[in-house]
Structures are given as C-alpha cells and as structure tokens.
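> Sequence plus the predicted model coming up.
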Amino acid sequence: MLDLKFVRENMDLVEGALRRRRTAVDLSGFEELDRARRETLASVEKLRAERNAASEEIGRLRRENKDASALMERMKEVSAAIREGEEGLPGIERRMEEVLLSLPNLPDPSVPDGQGEEDNPTVRTWGDPPAFSFPVRDHVDIGTELDILDFDRGAKIAGARFCLLKGAGALMERALINLMLDVHTREHGYTEVLPPFLANTASFIGTGQLPKFEEDLFRVAGTDYYLVPTAEVPVTNVVRDEILPADTLPRKMTAYTPCFRAEAGSHGKDVRGMIRQHQFNKVELVKICRPEESMAELESLTADAEKILIRLSLPYRVVTLCTAELGFSAAKTYDIEVWLPSQGRYREISSCSNFTDFQARRAKIRFRDGAKGKVRLAHTLNGSGLAVGRTVVAILENFQQEDGSVLIPEALRPYMGGMERIGPA
RNA sequence: GGAGGGAUGGCCGAGUGGCUUAAGGCGGCGGUCUUGAAAACCGCUGAAGCGCGAGCUUCCGUAGGUUCAAAUCCUACUCCCUCCGCCA
C-alpha cells in the first residue's frame, strides 16, 4: 500500500511511475473522495469537540447538584448531527481503501523500463552450462525412468499438476530442504521458523496477495483460511502489528513450507513436468530491516540464495526484473535463473525482492528509531532460497549421465546417506 | 465439542457511566550526584488522523447497539488461558 499523504501530494508522479509498470491508473476519482473525506471529517470533529466540552460541563453541573437538562437536551441535537455527518464516512473510506489496496508498489528508480521478460538485463552469470556427448533428456524422462518421479500417480491422487516423489527422489527433496536450511541458519545468520501452512485474510492482505489475487490461492471451504502460496505470507506476518526495537534489525528468518498455488491464469504454460505445480516445496528467506538498509539487504539476500546454487554446482544467472515484470508488491526484484539443459535456457528458481514499506504499511510492521525516536515503517524483503522442486529438476538435468543415472552433487551427498549416484531402478 | 475466566500504551497492570485529557510500575531517554558506573532522587516518555498554526479528533480485542455522555452497560464475533471430553 502506498502512503495516502504521498499519493495525495504526488498524483502525477504516482500515475507516471505506475505507467512504467504498464499499469494504467486514473486517480481523479480518488482525489474527489479524499477531498470529501477531509471536509466531512473537519465538520464532524468540530461537533465532537463541542459535545466533549458539553459532556464535561454536564458532569460538573451534576456533581454540584445543578440542573443540566437544558444542556443535555441540546446535546441530543448535536449527537444527531454527528451521526448524520458521519453517515457517508465509512463508504468513502472503504472506497479509498479499495483504491489504495489495488495500487501496486512504485518501481525503484534503478529498475529498468521494459515490456517483458526479454527486457530483464542480466546482472551476472555463474558457471558454465554442461556439454553433453549424448542426447539430452528432460527431468520427466530421467525421473520417470529412474522411478523417482511419478506424474501419473500424482494425477491419480490429486489431479493435474501434482507429482509423487519416490525413493531417491523423495530423499533428494528432503535432503535439499535440510541443506538449504542449514546453510542459511549456520552460515548466513537466519533464524529458522516453521510457520502454519494456512494463514488468514489479514495476513494475506498484509503481504499483498489479497484482495487482488484471490484466484491464485486455494481457500479452505467455509473458513477464513488460505493455503500459503509461499512462506513469505506467514513469515512476514510474524511481525505484523508490531513495533520492533531498532537494535533487533535486520531480522532475518528462513522457513521451509510447501507452497500451494491455484494460478488460474497459468494454464497452458509449462504443462509438462515439475516446473509448475499446484504444490511445491520452497525454503524462503525473509528480512525485516531499516529503510536505509533495504537495498543493500536485497543484494546480500540474493547472494545468500545464490550460495545454494554454487554449493550444488548448478550454473545460473541473475537478472533484474524490468518494470513490466515486477510483482505487485515489489519495488525491485532480482530473479535467479538456473540452467536447464532440456530447454537450453535459464529458468527462474528464485525471486528476491525488496518491498520497501509497501507490505510494512499494510501489515503495520514498524520499528522505534533510536531509544526515544519516532516510530517508522520498516522495509520487508524476501527471496526463495530456493524453490526445491525446481532444484531437483535442475540437478536431474544438469547431472544426467549417458547411462541414464544421475550424479548427486557432492554437497548434497552427506544429506543423502552418502549416496553418490541415482542409478536405474 | 462443553464449562468457566480473560483481552487496557514497548511490557506489566489499575480502572463497573461524567474531576480518566487511562492511575501506578517496568523498560527507555535526559538530568542531579559520582573519577567512571551502579544505586538513589528529579523530569520526560503510547499510536494514528485533520489543521499553516494555537489546537482539535479518534483509538482500551473486532463489529454493532443503548445514552446528553461508554475502557466501563447490552448483543454478536475473534483470539488467549484453565478444566473436562476427543485425538496424533
């Protein structure tokens, strides 16, 4: 959510910044609502001040056993006038709230303009795509033949876009989760949390998925619960409605959760394999920090995620999302893309974003600046560290051998009971 | 699921209709004292909205209601605690 005062005073700037995101907004109606609200508020508050003064007077008169009935009678009218004046206010405020909640974050000035994926500049590249002396197969063929991925059974149990992992496949998924959590907690200073996998409406509004993107979520029928689409939701909301001591910042948390995505609009994209599923595992990194530090924290958070790929010897590149690709709540995002031999290109495996004060304002995440300082909105960040299912895909494809087996990256072997290779069943 | 008890500022906690513009404490900040610190003492210290400003208004879990006036009374809901039941 953008700051009301800022929007009011910088309408043109806001409209211009959102045009950079290819989001057309017309704020003229909002301007009118804002004016009406302030006029109403001014007159109602004046009446309330009158009533408060009279109430005090009535209290005084009654204590002195004097007659207050005339004043009480007059206040009846004032109270009626207040009620009447207030009448339109909830409606106006609700409509303003709707507008504010529907406006995406403003892109950071460093974010390049662009129309689509092809306009995301590459920041850096690590590792070399492996060369193969045999025909490359994709993870579906490799995994099915090794009997570690079973898409047919996944579909039988749940439906399309679900997968069953078996044997060394299930073990690898679990091993990756442990490796990632260990690296982030022991080497990068994050505190591990294991949050609820369902969260309520208030939490989803806090991080920006609601009210706008309900169709992307699975809701538990008859309840106020949604399945989390990312640990970002429960973990960022750990500090919702709190005022944090400044010396506890930056607060760094990491969490494993399964992620559930309905993604109504995504049909037809990545229909094959484990790239795009209704359920997948992810280890998430979340930071709450001072505004001055958030851009530097974004750099280090991205580096923390990259570290996992380096450990696993998976070639990747980092791109900056251009204005058109930026997510709703983000001011700046780096995507980390891993090399997928079967597709001959890099595919997203992590998305690291600085949300500036956008989520903090919605979720009331604040800190006290200095011992007697002002209360200020914090900045929030998060990034995948990493998407586990896609990491399995990348390992199967990058480490595939001519005989159909898959070498296990050395860093992962201790987490898989010393297993060095997944051989044919 | 049943019965009871609760929800008040960063934290704890008093407060059953009008001198509550929320007592008191803790914590924090400033000061006195001290070589320095601690202790002691003194002072300051909730959040948000509106207004150029003096200032005004709102907020005591949430939403309604009663009243000239609500932290306080009424209704519904949410969450927490204790006990019982069920259960991994």
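Arrived safely, thanks for sending. Residues are numbered from 1 along each chain as shown, chains lettered A, B, ... in the order given.
> drop to CA atoms for contacts and neighbour counts, all remaining ones
OK.
> Quick check: the residue nearest to A:Glu145 when sequence neighbours are not counted vs A:Glu297, distance?
Leaving aside its sequence neighbours, A:Glu145 sits nearest to A:Pro424 (Cα to Cα, 6 or more residues apart in numbering; 7.0 Å). Distance from A:Pro424 to A:Glu297, counting by Cα to Cα, to the nearest Å: 44 Å.
> So for these two, which residue has more residues nearby?
Neighbours per residue, other Cα atoms under 10 Å: of A:Pro424 and A:Glu297, the larger number sits with A:Glu297, 23 against 14.
> Who are the contact partners of the more buried one?
A:287, A:289, A:381 (Cα atoms under 8 Å, 6 or more residues apart in numbering).
> host element of it?
helix A:294-311 (DSSP states H and E).
> I'd like the next helix or strand past that helix.
Counting by DSSP H and E, the element after helix A:294-311 in chain order, helix or strand, is strand A:316-320.
> Which segments of chain A make up each domain?
Per automatic domain parsing, the structural domains of chain A span A:4-102, A:117-422.
> how about TSV for the ones you listed, with distance to A:Ser110 and mean pLDDT added?
Compiled in TSV, these are given as follows (distance: least, Cα to Cα, whole Å; pLDDT from 0 to 100):
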stretch	distance to A:Ser110	mean pLDDT
domain A:4-102	12	85
domain A:117-422	8	93
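> Enumerate the residues of the stretch 201-350 of chain A near RNA strand B.
A:242-243 (Cα under 7 Å from any atom of the strand).
> What segments of the stretch 201-350 of chain A are helices?
Assigned by DSSP state H, counting those that start in this stretch, the helices in the stretch 201-350 of chain A fall at A:201-207, A:232-236, A:294-311.
> tell me the most buried of these?
Highest mean neighbour count among these (mean count of other Cα atoms under 10 Å): helix A:232-236, with a mean of 25.
> ok, and what's touching that helix?
Contacts of helix A:232-236 (Cα under 8 Å, 6+ apart): A:193, A:195-197, A:199, A:203-204, A:206-207, A:228, A:253, A:255, A:284-286, A:288, A:380, A:382.
> Just give me the neighbour total for the residue of chain A at minimum distance from RNA strand B.
Taking Cα to the nearest atom of the strand as the measure, chain A has A:Ala49 as its residue closest to RNA strand B, at 3.1 Å. Burial of A:Ala49 is recorded as 11 neighbouring residues (other Cα under 10 Å).
> Surely it is in a helix?
Yes: A:Ala49: assigned to a helix according to DSSP: H, G, I helix; E, B strand; the rest coil.
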